[in-house]
Every structure is written in structure tokens, then in C-alpha cells.
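# Sequence isn't available, so here's the structure alone:
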């Protein structure tokens, strides 16, 4: 049985796409996985990609080895410090909308570093969901957090349970982000909030910094992510672009962080249907094709290869 499958666009449901000439930095894992752009709405996603069952297996045991993050206790504590810093930034972005008695859930909470920042700020009703066995165990044993090992559907939370739900650098890993966002809408209390932190793919394309990774199923721009969130019933109330966006495994202060750009959304649960603007897919497709063509010259490919190999000197 093949471990690959083809998927339709998660935003508009179309099956009309164009493959993009973007370098796959994890090609040794599966060279057949490709990045495509929907010709109808402009969403970028992997197609074909692994099956959902294969992804579950991958995140439980293989993910951290692939991205170069050891899961022993010592390295977990180093990762924890970096994630606490990110968590403090997340908290500062949304603290004015919640209180110390708010019930907070993080989906894809890793070893609990983000929630740890909330814990230090006095929040006590903290919950997490994390598929990686070692990291979820670390969060429970060392931080005293209530973390479920598995996916969101494995947690069996009651509807309308949370004041704030966090998705930090995880939404591009979801195999069905629209379904997950709709599930979170049901878990959120009336008037509850959703915080989403992600890469800004269009900005990364502009600087030739976008690489395909088989564990990243989707590559959002600010426009496509905002439309997906609205389609799932969330209304944006706060938004910002974040320069020097650092993935948790990168050390802060690295020169490479200047190449990264992130986006942050704070959204309120909407009880009625939100009007979603018709996606201007043609405009996004033209932009993406321009950037991939411009950044795919022989010189740029060589520069990116050298830059990527040099990452170990900055770690």
C-alpha cells in the first residue's frame, strides 16, 4: 500500500493546481512530494503527500530526529528556554483580552514551553495536546501541565471549554487545517479567542527563503490564512507581521533569523457566518510564480545551498 495520497485544496475544495519549482530540503525522505498552488484561490500545499496514518506515525517518533532536535531531557530543557521566550511574546500579544482565570489550550504544545510562559504569568488552567510521546511526557512530568498525548480528537474535551486556544508554529503541519479550526471553534467558549502564529510564505518567497518540507503540509500567506480562519468561523480582531520570526529549534540572535518573517492573528469566535471575500487566486498565482522564477536562478540556488549548509555554524 502506498504511503502517498493526493488531496484537494483545503480552502476552496478545488482540484486545479500548478506545481512550483521550489527546492525540497528534505528530498531524501520522499522526492515525490511536491509543492503546488491552487489555481482557484492561491493556497500553497503539498500534493502528493503522506497519508494521515503515515503522518501520525511520523510525529509520534520520527519528527524531532529529522529536524535535528534531540528528545533527551537536557536538550528538552534547552528547547524549553527558547519556547518560553516565544510564549512570552504570544502572551503579550493577547493578554489584554483574557484574565488570570482564563482556561487556555495549546494545540501542538511540544514540551510545554509556550504554556510555561503563561504559567509564570499566573495562569493556572492550562491544557495541551501534543502527538510526540517524549515531549508530551516531559510537559507532564517536569512542568505539571495537563497535556494529552495524541491529536486534538484524542483529547475528548467538552464543547465550549476554553477562553483561549493557541496554535503556535503548528497550523502548517495540520493535514486538514479547516477541520481542525472548526473543531476549535466548537471547543471555544462563546466570545472565546484563537491565537495563531505562522510563517508568512509570500514574504519568504520574495527573499528566496522558502523550502519544501514534507512535514509542512500547507504554506500560508496572510491572505489565504485569514480566509481559512474566516471560513472556519473566526473573526480577526488583531493582526501583525513579525520580523525575525524564529523557529523554536533556532537560537535567538542567529543571523539567519533576519531572513524569516512571521504573521500573528488573534481572533474571536463568531456565532454567525462571516462573509469571506472571494479569493483572488490569479493575483496570488502570478505573484508566487514571479517570485519562484526570480529566485530559481543558478546563482540563487547556489547561494541558498551554501546558506543552508552554513546553518550548523549558527546553531
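Structure's in. What do you need? In this text, all values refer to a predicted model and were calculated from it rather than measured experimentally.

# shouldn't residue 206 be in contact with residue 291?
Yes - Residue 206 lies in contact with residue 291 (Cβ atoms under 8 Å); the separation is 5.6 Å. All C-beta atoms are positioned from the backbone trio N, CA, C, and that covers glycine.

# Looking at those two, which has the bigger crowd around it?
Each of residue 206 and residue 291 has its neighbours counted (other Cβ atoms under 10 Å); residue 291 has more, 21 against 16.

# isn't the more buried one right next to residue 205, touching?
Yes - look at residue 291 against residue 205 with Cβ under 8 Å: they come within range, at 3.9 Å.

# what mean pLDDT does stretch 96-103 have?
Average pLDDT, stretch 96-103: 94.

# let me redo that: stretch 145-157
Stretch 145-157 comes out at a mean pLDDT of 94.

# who touches that stretch?
The contact list for stretch 145-157 (Cβ atoms under 8 Å, 6 or more residues apart in numbering) reads 56, 105, 107, 109, 112, 115-116, 119, 126-133, 136-137, 139-140, 180, 183-184, 187.

# Enumerate every residue touching residue 121.
Residue 121 touches 91, 95, 100, counting by Cβ under 8 Å, 6+ apart.

# out of those, which are inside strands?
Per DSSP state E, strands hold no members of these.

# between those, which is nearest residue 216?
Of all these, residue 216 sits closest to residue 91, with 25.2 Å by Cβ to Cβ.

# what sits against that closest one?
Residue 91 neighbours (Cβ under 8 Å, 6+ apart): 117-118, 121.

# how about residue 265, what does it touch?
194-196, 225-226, 229, 236, 238-239.

# let me redo that: residue 6
47-48.

# Identify, from the contacts of residue 91, the entry nearest to residue 285.
residue 117 (38.7 Å).

# Now that closest one: phi and psi?
phi -60, psi -40 (degrees, to the nearest 10).

# Apart from its neighbours in sequence, what residue is nearest it?
residue 87 (2.9 Å; Cβ to Cβ, 6 or more residues apart in numbering).

# wait, the one you found sits on residue 112?
No - if you go by Cβ under 8 Å, residue 87 and residue 112 don't touch, sitting 9.2 Å apart.

# which one of these two has more residues nearby?
Using other Cβ under 10 Å, the more surrounded residue of residue 87 and residue 112 is residue 112, with 30 against 26.

# shouldn't that one be in contact with residue 141?
No - look at residue 112 against residue 141 with Cβ under 8 Å: they stay out of range, at 10.1 Å.
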